[in-house]
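>>> Provide a 3D model corresponding to the input given below.
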Amino acid sequence: MRVLLDGIGELYSLPRASTLLRGQGVRVAHFLPPRLWPPQFSVNLRNHRKILAVDGAIGFTGGVNIRESYLVGDGHRIVDLHVRLAGPVVAQIEAVFLRDWHFVTGEPAVMFPTDTDLPGHAGCRAIADGPERSYDRLTELLVGSIGAARRRVAIMTPYFLPPRELIAPLQAAALEGIDVAVILPEHNNLPYVHRATRHMLWELLERGVRIYYQPPPFAHSKLFYIDDDYAQIGSANLDPRSLRLNFEMNVEIYDAAFVAHLSAHFETVRARSTRITVQQLDARALRTKLVDGAAWLFSPYL
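Predicted coordinates for the structure are as follows:
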């Protein structure tokens, strides 16, 4: 068993996860941990991927972090979305992990054999993205997907600060009469991100994009689908940190049954969410607008 932890992310909790895991004989490595010598400290080059690969046969990915606040129960504080995958795509997911493990430890990447003959109904592809690449794979895939939409574009994300490359196709799709809907958490665990997002929402609302705030508990779910047969699910948020600074992984899924399942969840959440209007944004107090605008100035690093 091998566990790869983000070097900065592990510092969020005590006792340290690596200490607990090593105490049980688990091999642990850290991705770009801060250290004095040789000097290394970066709050931006983070490994945000959420990967679990088991025996080369089953893989899990999505938005769920492994920590106490994600435990399901009467007092759970976070809701999220995760998927279980089987078949050839597991080899792709495992390959992403092994490349990261090799980068950190120098060990050669040894794959578990994968049963490529497992029955399945969906076409899947793992998409790894990060600042080491010369182009933004996830951004370009999202732009292309939105441009291909004919009926609907659905987005659910906890952190929404889309780059200009994404704002334009969302506006264009809405102006064409496509149902473009974005669901965000009403109360965000990062208030400054919520404020920065609120500052730019008018650009989408004025072009017909529908924006909703879903009530607590805090929703960390990340999903994207268009029409009836294409979806993406994984670790990436629609913000500069995920799309430019972090190492992320999403999975493309081409399957009408899976998209129907996502759509049912999305529409259930939309039905109990509050739709936001331009008039509501305009009604904010001047002080609130100024604070929101100040937060937005830092959006490339939020």
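>>> all helices for the protein, in order.
All helices of the chain, identified by DSSP state H, fall at 17-22, 89-105, 137-148, 164-175, 191-205, 240, 256-271, 278-282, 286-297.
>>> pLDDT weak spots in this structure?
69, 71-76, 114-120 (pLDDT under 70).
>>> name the residue closest to the centre of this structure, please.
Among the residues of the chain, the one closest to the centroid is Ala236, at 2.7 Å (Cα atoms, centre = their mean).
>>> how near is that residue to Phe247?
Distance of Ala236 to Phe247, computed by Cβ to Cβ, to the nearest Å: 10 Å. For glycine as for every other residue, the C-beta is placed from the backbone atoms N, C-alpha and C.
>>> common neighbours of these two, please.
Here Ala236 and Phe247 share the contacting residues 48, 129, scored by Cβ atoms under 8 Å, 6 or more residues apart in numbering.
>>> for Gly7, find the nearest of the helices of the chain.
helix 89-105 (9.1 Å; Cβ to Cβ).
>>> now for the closest one, which elements pack on it?
When contacts are defined as 3 or more Cβ pairs under 8 Å, 6 or more residues apart in numbering; DSSP states H and E, helix 89-105 sits against strand 2-6, strand 27-31, strand 52-54, strand 58-62, strand 123-129, strand 248-254.
>>> okay, buried residues for it please.
Using 16 or more other Cβ atoms under 10 Å as the test for burial, helix 89-105 gives 89-94, 96-98, 100-101, 103-104.
>>> ditto for stretch 1-18
In stretch 1-18, counting by 16+ other Cβ under 10 Å, buried: 3-10, 17-18.
>>> now for those residues: which two are most distant?
So, those by Cβ to Cβ: farthest apart are Val3 and Ile8, at 15.9 Å.
>>> and the nearest residue to Ser13 once chain neighbours are set aside, how far is that from Glu10?
Closest residue to Ser13 apart from its sequence neighbours, by Cβ to Cβ, 6 or more residues apart in numbering: Arg67 at 6.4 Å. Distance from Arg67 to Glu10, counting by Cβ to Cβ: 10 Å.
>>> ok, now Ala295?
Per Cβ to Cβ, Ala295 is found 27 Å from Glu10.
>>> just to revisit the earlier point, can I get the helices of the chain in a markdown table including distance to Val83?
Formatted as a markdown table, those follow (distance: least, Cβ to Cβ, whole Å):
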| stretch | distance to Val83 |
| --- | --- |
| helix 17-22 | 23 |
| helix 89-105 | 10 |
| helix 137-148 | 17 |
| helix 164-175 | 23 |
| helix 191-205 | 25 |
| helix 240 | 25 |
| helix 256-271 | 8 |
| helix 278-282 | 34 |
| helix 286-297 | 32 |
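>>> what's across from Leu223 in the sheet?
Met156, Ile233 (DSSP bridges).
>>> tell me the contacts of it?
81, 154-157, 231-233, 262, 265-266.
>>> just among those residues, which is most surrounded?
Neighbour tally across the contacts of Leu223 (other Cβ atoms under 10 Å): the maximum, 29 neighbours, falls on Met156.
>>> of the buried residues of stretch 1-18, closest to Trp37?
Closest to Trp37 out of those is Gly7 (15.0 Å), distances taken as Cβ to Cβ.
>>> you'd agree that closest one is up against Phe41?
No: under the criterion of Cβ atoms under 8 Å, Gly7 makes no contact with Phe41, lying 9.3 Å away.
>>> and for these two, which residues touch both?
Pro34.
>>> any chance of the contacts of Leu223 in a markdown table, with distance to Arg207 too?
What follows is the contacts of Leu223, written out as a markdown table (distance: Cβ to Cβ, whole Å):
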| residue | distance to Arg207 |
| --- | --- |
| Leu81 | 27 |
| Ala154 | 17 |
| Ile155 | 15 |
| Met156 | 20 |
| Thr157 | 19 |
| Ala231 | 24 |
| Gln232 | 23 |
| Ile233 | 26 |
| Leu262 | 24 |
| His265 | 26 |
| Phe266 | 21 |
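>>> which one of those is nearest Val209?
Once Cβ to Cβ is applied, the member of the contacts of Leu223 that ends up nearest Val209 is Ile155, at 9.4 Å.
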